[in-house]
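S.K.: Sharing a sequence plus its predicted fold:
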Amino acid sequence: MSLSETYTDLEVIDRIRNGEKALYEIIVRRYNSQLYKVGRSYNYDHDDTQDLMQDTYIDAYRGLSQFEGRSSFKTWIIRIMMNNCYRKKQKSSFKSEIMQDASEQSTPMFGDYNNSTDKVVHNRELGKVIERALEKIPLDYRIVFSLREANGLNVMETANLLDISESNVKVRLNRAKSMLRSVIEKEYTAAELYEFNLVYCDAMVERVMNIIKEL
């Protein structure tokens with residue numbers, strides 16, 4: 001069993017704080033996929049998303065002493081990524097679309113089915129369709145969909161990250177699903193959205209760790 005599988009986030013962080021800087025690689029590998037999904041949900045392209053991820057990992061490393069464990073490390077680092085995404089949008093005079101009303105009824109977006117290799121390969125092109133469809137959804141809905149469906153955060157965690165009510169989370173998620181349902185219902189798993197594969201993961205680890213070594 002690898003160190004990444006053996007230690008919890010808190011255990012890894014404690015060891016990093018105590019001087020084992022190299023263990024930050026575990027954090028980078030553990031959260032590459034989640035941060036990538038967040039960046040793409042803000043409609044950043046692959047390269048811009050990677051730059052934002054790098055900034056987020058460095059910000060998180062520098063701020064590890066401020067992490068008190070009152071929330072999960074996952075929500076803490078996602079919040080940093082979201083803040084970086086938001087600031088970048090602000091610099092581009094980005095204005096998010098005002099949320100519209102929607103029913104609070106929410107049903108699972110994806111059905112449970114055998115996620116075999118053949119199924120994954122078969123759905124590659126559909127995945128591109130999904131990405132394009134998500135890009136057309138207003139950010140208020142898209143980010144809730146990303147946090148809940150793609151990153152697996154619960155309603156309370158999502159509400160806290162976005163500073164909205166839990167009922168509002170449900171409203172926005174339901175609205176996002178209704179926008180996408182005709183294209184992707186039961187055709188693609190949330191985990192496969194905005195994949196950040198191993199070749200990019202290794203490159204991100206190298207980028208971040210080279211900077212960390214100098215800090």
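M.R.: That came through, no problem.
S.K.: Kindly report the domain assignment for the chain.
M.R.: 3-94+196-214, 117-192 (automatic domain parsing).
S.K.: V38 and F145 touch, don't they?
M.R.: No - V38 is beyond contact range of F145, at 11.3 Å (criterion: CB atoms under 8 Å). C-beta here means a position set from N, CA and C on the backbone, and glycine is covered the same way.
S.K.: Compare those two and say which one has the larger neighbour count.
M.R.: Taking neighbours as other CB atoms under 10 Å, V38 and F145 compare with V38 leading, 30 against 25.
S.K.: Leaving out the residues flanking it, which one is nearest to the more buried one?
M.R.: Leaving aside its sequence neighbours, V38 sits nearest to M81 (CB to CB, 6 or more residues apart in numbering; 4.9 Å).
S.K.: Show me the contact partners of stretch 50-62.
M.R.: With contacts defined as CB atoms under 8 Å, 6 or more residues apart in numbering, stretch 50-62 is touched by 16, 24, 27-28, 32, 35-36, 39, 44, 76-77, 80-81, 84-85, 88, 200, 204, 207-208, 211-212, 215.
S.K.: Run the chain-centre distance for that stretch.
M.R.: Per CA atoms, centre = their mean, to the nearest Å, the displacement of stretch 50-62 from the mean C-alpha position of its chain is 13 Å.
S.K.: And what about K177, helix, strand or coil?
M.R.: Following DSSP: H, G, I helix; E, B strand; the rest coil, K177 is assigned to helix.
S.K.: how far away is it from I77?
M.R.: Separation of K177 from I77 (CB to CB, to the nearest Å): 26 Å.
S.K.: repeat for Y200
M.R.: For Y200, the distance to I77 - CB to CB - is 18 Å.
S.K.: hang on, the earlier thing: need the domains of the chain in CSV (columns: mean pLDDT).
M.R.: Below are the domains of the chain laid out as CSV (pLDDT from 0 to 100):
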stretch, mean pLDDT
domain 3-94+196-214, 90
domain 117-192, 79
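S.K.: Report the contact partners of D9.
M.R.: By CB under 8 Å, 6+ apart, the neighbours of D9 are I27, R30, S72, F73, K74.
S.K.: So which of these belong to helices?
M.R.: Among the contacts of D9, the residues falling in helices (DSSP state H) are I27, R30, F73, K74.
S.K.: Using a markdown table, lay out these together with neighbour count and distance to E157.
M.R.: Output for the ones in helices among the contacts of D9, formatted as a markdown table (neighbours: other CB atoms under 10 Å; distance: CB to CB, whole Å):
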| residue | neighbour count | distance to E157 |
| --- | --- | --- |
| I27 | 22 | 18 |
| R30 | 16 | 17 |
| F73 | 19 | 12 |
| K74 | 16 | 8 |
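S.K.: now, among those residues, which is nearest to F196?
M.R.: Nearest to F196 among these: R30, at 11.9 Å, using CB to CB.
S.K.: what's the burial count for T8?
M.R.: If you count neighbours by other CB under 10 Å, T8 ends up with 9.
S.K.: same check, this time on R87
M.R.: Using other CB under 10 Å: R87 sits among 12 other residues.
S.K.: just how off-centre is the helix or strand hosting it within its chain?
M.R.: Element membership for R87 (DSSP states H and E) is helix 73-91. Offset of helix 73-91 from its chain centre (CA atoms, centre = their mean): 10 Å.
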